[in-house]
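> dropping a prediction and its sequence here:
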Amino acid sequence: MAIDFFPPSEVYVGRDMGGRTTEVSAADVARYEAGTGDRHPWYHGNSPFGGPIAPALLYHSEVYRDLGWYLPNLIGNLHAKQEWEVFAPMAIGQAVRTRSTVVGRYRKRNRDYVVNEVLLTDLDGRWLQRSRTHQSFLVDDPSDAVVVDKERERRPERRFEISAQGDELPPVTRAVTVAMCEAFSGPVKNYHTDREMARALGFPDIVVQGMLSICFVAELMTHGFGTGWFCGGQLAVNLVNVLWPDEVVSTRGRVRDTVPEGRRARVHADVWCEKADGTKTVIGTASALRDQN
């Protein structure tokens, strides 16, 4: 039985943001490739799954299709944290369903955070993947025109050290261009594609969408673990500094440990994205399955 506990405009835990049914298409994959530079042969030809499959994070921005879960103060809002679980691959031509729900709210320092979970299934309801996006919003309206400038990442508290222990995964390096931003975050103008819109929201330049770096992590894991990423991949990362256009970013990982999981083993890795000067933009962990040796 429905009760009017929350007003219609309230962003509350449990709020259903709806979803859609769509078909995984070659056109979607082509757009993904243009935005990320990830062009794995499994996306177009034979794969261990019997035919072409989509990038695991093809629907990286499904959470942003309806921004009704955003808080009113958009100035300086940032993608702060991301979690992802991959249960099964998506075949080209397959029909899938999505559903988005607000599952968390919390306050940390001077920011309010909203957590939106997206569940992606096949038409029979089988889970294909689940993600949680943590978006942060300033509690108070800022007095300065620029909320996050390019000097912020140089502060001591914005520097992050990564353990040198463990075998390193082959890195993924990209020079992020405005054209990539437009392919990944467009075609509608927003602060991820347009400098004037970015400045209106308190940034000095286009803010490269945080999901792009998350996709770089997925590419790293795809090349490192193949089927074990598509059938059991997990990640949990924090977006700690802003990536700007025309910067080169390298996505790297080091294997931390390996533990048994059923008939296979789960490989845990520390993962991060860093600019040419060593500034970290993303830090966290990712894991995938592999056959036990």
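All right, it came through fine.

> the helices in the stretch 1-150 of the chain, which residues?
With DSSP state H, counting those that start in this stretch, the ranges of helices along the stretch 1-150 of the chain come out as 26-36.

> what segments of it are strands?
For the stretch 1-150 of the chain, applying DSSP state E, counting those that start in this stretch gives strands covering 16-23, 78-86, 95-108, 111-122, 127-138.

> closest one to residue 268 among those?
Ranking the strands of the stretch 1-150 of the chain by proximity to residue 268 (CB to CB) places strand 78-86 first, at 14.2 Å. No exception for glycine: its C-beta is placed from N, CA and C like everyone else's.

> tell me which strands the closest one pairs with, and in which orientation.
Paired strands of strand 78-86, with direction, are strand 127-138 (antiparallel), strand 234-239 (antiparallel) (DSSP bridges).

> for the residue nearest to residue 239 when sequence neighbours are not counted, give me its contacts.
In space, and not counting its chain neighbours, residue 239 is closest to residue 210: 4.6 Å by CB to CB, 6 or more residues apart in numbering. Applying CB atoms under 8 Å, 6 or more residues apart in numbering to residue 210 gives the contacts 78-79, 82, 239, 243, 282.

> quickly note the distance from residue 210 to residue 163.
With the distance defined as CB to CB, to the nearest Å, residue 210 ends up 23 Å from residue 163.

> kindly report the same for residue 119.
Residue 119 is 33 Å from residue 163, by CB to CB.

> out of these two, which sits in the busier spot?
The residue with more neighbours, out of residue 119 and residue 163, is residue 119; 17 against 8, by other CB atoms under 10 Å.

> these two touch, right, that one and residue 103?
No: using CB atoms under 8 Å, residue 119 makes no contact with residue 103, being 10.2 Å away.

> joint contacts of these two?
Residues touching both residue 119 and residue 103 (CB under 8 Å, 6+ apart): none.

> now the strands for the stretch 151-293 of the chain?
If DSSP E, counting those that start in this stretch is used as the criterion, the strands of the stretch 151-293 of the chain fall at 172-175, 234-239, 248-261, 264-275, 280-291.

> quick one, which of the ones you listed is nearest to residue 71?
strand 234-239 (17.7 Å).

> and that closest one, how far out from the chain's middle?
Counting by CA atoms, centre = their mean, to the nearest Å, strand 234-239 is centred 8 Å from the centre of its parent chain.

> any buried residues in that strand, and which?
234-235, 237, 239 (16 or more other CB atoms under 10 Å).

> just stretch 26-36 next, same as before
Those would be 28-29, 31-33, 35-36, for stretch 26-36 by 16+ other CB under 10 Å.

> and of those residues, the nearest to residue 131?
In terms of CB to CB, no member of the buried residues of stretch 26-36 lies closer to residue 131 than residue 32, at 15.4 Å.

> correct me, but the closest one touches residue 56?
No: applying CB under 8 Å, one finds residue 32 not in contact with residue 56, separated by 10.4 Å.

> picking up where we left off before, now do the residue nearest to residue 239, the pLDDT please.
The model reports residue 210 with a pLDDT of 97.

> could you check how far it is from residue 12?
24 Å.

> what does residue 84 give?
24 Å.

> more crowded one of those two?
The residue with more neighbours, out of residue 84 and residue 12, is residue 84; 22 against 12, by other CB under 10 Å.

> mind listing what the more buried one touches?
With contact set as CB under 8 Å, 6+ apart, residue 84 has these partners: 57, 129-132, 214, 218, 233-236.
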